[in-house]
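Student: Just the structure for this:
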Amino acid sequence: MEYVLIFFIGICATTLGTLAGGGGLISLPVMLIIGIPVHSAIGANKVSNTISSFTSFLHLYKRKQISLKDSLWIIPISLFGGVSGGFIASILTEEKMYMMAIILLLFAFFTSFIGKGNFTSNEPFKMNKISVPGLFCIGIYDGIFGPGQGTLMLYLFGYLQVSYIRAVGLVRLATFSSCIGAATTYISTGKIIWPLTFALLLGSVTGAQIGVRVAEKLKPQFVKPILRLVTIALIIQIVIEKAL
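Tutor: All right, here's what the predicted structure looks like:
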C-alpha cells in the first residue's frame, strides 16, 4: 500500500513541478510524514527528478518545441551553479539558508507583478547578461536549498520573453542537470531505499508526461497566477519548516 501511495505522490508532485515548479511541496513532506528517513526521501526525489525531467525534455524536443542550439548550453551553467551552491551551503547556517530562500521567492513574487514577461512572446533563448547570471544564481540556490528552483526559473524565462512551453522544456533540462550530480551522490553513499525510489520514479515519469501535455494546452495568461500561487505555498512551507 505504501508503494501505491508513493506512486501517486510522484504523479501529483511531478505534474505540478512540470507546470510551475514546486513539486517538492507535495512529495517531500508526505514522504517524511509516512516515516521515510529524510536523506532517503531527498535521494528518492533527486533520482526520480533526474529521470522524469529528462523524459519531459525529450518529449518536447521530439515535438520540436525546443532545439538543442538554445538549450544545451544550460547544462554546464546549471551544473556549475549547483556545485557552487553545494559548497556555499557547507559554510552557511541553516537560518541564513532559510532566509535566503524566503527573500528570493518574495523577490520573484513581487517582480512578477511589474515585469512585462507573460509567456506570450517567443523570443530565442540566448546567452546574454541576464540569462547566464540568472541561470547560474538559480543553480546556486538549487545547490544551497532546492525547493522553488523550477518556479524561479520560470519567472526568469517569462522575463526573457520565452514562450511557456519552451520555458517548461528548458526548466526540465536544467533540473536534470542540477539533479544528476546530487542523485549520484545519494546513490554512492547508500542512502537510497530502492523499492520506494522506483515507486516514486514510476509516478514521476507518469506525472512528467501528464505535465508536458497539459502545458502544451495551457493558455499563457494562466501561467503567472499559477506561479504566484505556487510561490506563496513555497514561502508558507519554508516558514513552517523554520518554525518547527
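
Student: On the three-state scheme, residue 190 is what?
Tutor: Residue 190 falls in the coil class when you classify it by DSSP: H, G, I helix; E, B strand; the rest coil.

Student: pLDDT score assigned to it?
Tutor: pLDDT, residue 190: 87.

Student: For residue 37, see how far away it is.
Tutor: 12 Å (Cβ to Cβ, to the nearest Å). Placement of C-beta: from N, CA and C, glycine included.

Student: And residue 181, by the same measure?
Tutor: Taken as Cβ to Cβ, the span from residue 181 to residue 37 is 21 Å.

Student: didn't residue 228 look like it was pressed against residue 108?
Tutor: No: the pair residue 228 / residue 108 is not scored as a contact, 9.3 Å apart, by Cβ atoms under 8 Å.

Student: Settle it for me: which of those two has more neighbours?
Tutor: Neighbour count, other Cβ atoms under 10 Å: between residue 228 and residue 108, residue 108 has more, with 23 against 18.

Student: Got the phi and psi for the more buried one?
Tutor: With angles defined as degrees, to the nearest 10, residue 108 sits at phi -60, psi -40.

Student: Residue 98 versus the closest residue to it other than its chain neighbours, what's the distance?
Tutor: Residue nearest to residue 108 in three dimensions, not counting chain neighbours: residue 155, with 4.6 Å by Cβ to Cβ, 6 or more residues apart in numbering. Shown here: residue 155 relative to residue 98, a distance of 20 Å by Cβ to Cβ.

Student: Point out where the protein drops to low pLDDT.
Tutor: Along the chain, segments meeting pLDDT under 70 span 1, 90, 94, 115-117, 145, 244.

Student: Centre-most residue in it?
Tutor: By Cα atoms, centre = their mean, the chain has its centre lying nearest to residue 150, at 3.3 Å.

Student: So that residue, which state does it fall into?
Tutor: Under three-state DSSP, residue 150 comes out as helix.
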